[in-house]
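Student: let's see this in three dimensions:
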Amino acid sequence: MTKPKVTVYTDGAARGNPGPGGYGVVMLSGQHRKELSEGYRLTTNNRMELLAVIVALETLKIPGSEVTLFTDSKYVADAVEKGWVFNWVKKRFKGKKNPDLWMRFLEIYKKHHVKFVWVKGHNNNILNERCDQLAVEASMGLNLKEDTGYQPNNQE
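Tutor: Sure, this is the predicted structure:
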């Protein structure tokens, strides 16, 4: 059986950084399209960028899916594609931000075949722009969730 090929676009936003934030995800596979978003009361842009990726990967139902993930976050794309996050694990994330989300990411990342592609944000990429719109709208919602892992002294 061939594993599904999934294209994912993600974005995160924070108004204030830290401030209210949200993430947006667009997932495409065959003729299927799924959009996801959620808003949080107090968080950072980087946390929302990373959470968007996590939620997208956690949404996949078939282990071993072939995923091409487009993000405008150098923080996320470089940490994975350049292998930094794997060194952070060895050092138990000492001095690194967002260890709770990185550990959650690594747990789901190893279940799929994921390739990250960095895209320039706000550059007329329709699906990246849609994710940005979803993230910003989510950050303005009325029933914002608490980002329980956010620690003001350990964030950027």
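Student: where do the helices of this protein begin and end?
Tutor: Counting by DSSP state H, the chain has these helices, from start to end: 45-59, 74-81, 84-90, 99-109, 126-139.
Student: most tightly packed of these?
Tutor: helix 45-59 (a mean of 23; mean count of other CB atoms under 10 Å). (Each C-beta comes from the backbone N, C-alpha and C, glycine too.)
Student: can I get the CA coordinates of that one in CSV?
Tutor: Output for helix 45-59, consisting of C-alpha atoms alone and laid out as CSV, is shown next (Å, rounded to 0.1, in the frame of the first residue of the first chain):
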residue,chain,number,x,y,z
ASN,A,45,5.0,33.8,17.4
ASN,A,46,7.5,31.0,17.5
ARG,A,47,5.3,28.9,19.7
MET,A,48,2.4,29.3,17.3
GLU,A,49,4.6,28.5,14.3
LEU,A,50,5.8,25.3,15.9
LEU,A,51,2.3,24.4,17.3
ALA,A,52,0.9,24.7,13.8
VAL,A,53,3.3,22.1,12.5
ILE,A,54,2.6,19.8,15.5
VAL,A,55,-1.2,20.0,15.1
ALA,A,56,-0.9,19.3,11.3
LEU,A,57,1.2,16.2,11.9
GLU,A,58,-1.0,15.0,14.7
THR,A,59,-4.0,15.3,12.4
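Student: avg pLDDT for that helix?
Tutor: This predicted structure assigns helix 45-59 an average pLDDT of 98.
Student: pull the distance from it to the chain's centre.
Tutor: Per CA atoms, centre = their mean, to the nearest Å, the displacement of helix 45-59 from the mean C-alpha position of its chain is 2 Å.
Student: what's in contact with stretch 59-70?
Tutor: Applying CB atoms under 8 Å, 6 or more residues apart in numbering, the set of residues contacting stretch 59-70 from outside is 3-10, 25, 27, 34, 36, 53, 56-57, 111-119, 125, 127-128.
Student: buried subset of the residues you listed as a PyMOL selection?
Tutor: This is the PyMOL syntax for the buried subset of the contacts of stretch 59-70, where burial follows 16 or more other CB atoms under 10 Å:
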select buried, resi 4+6+7+8+9+10+25+27+36+53+56+57+112+114+116+125+127+128
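Student: what about the contacts of stretch 59-70, which are in strands?
Tutor: When DSSP state E is applied, the contacts of stretch 59-70 are split such that 5-10, 25, 27, 34, 36, 113-118 fall in strands.
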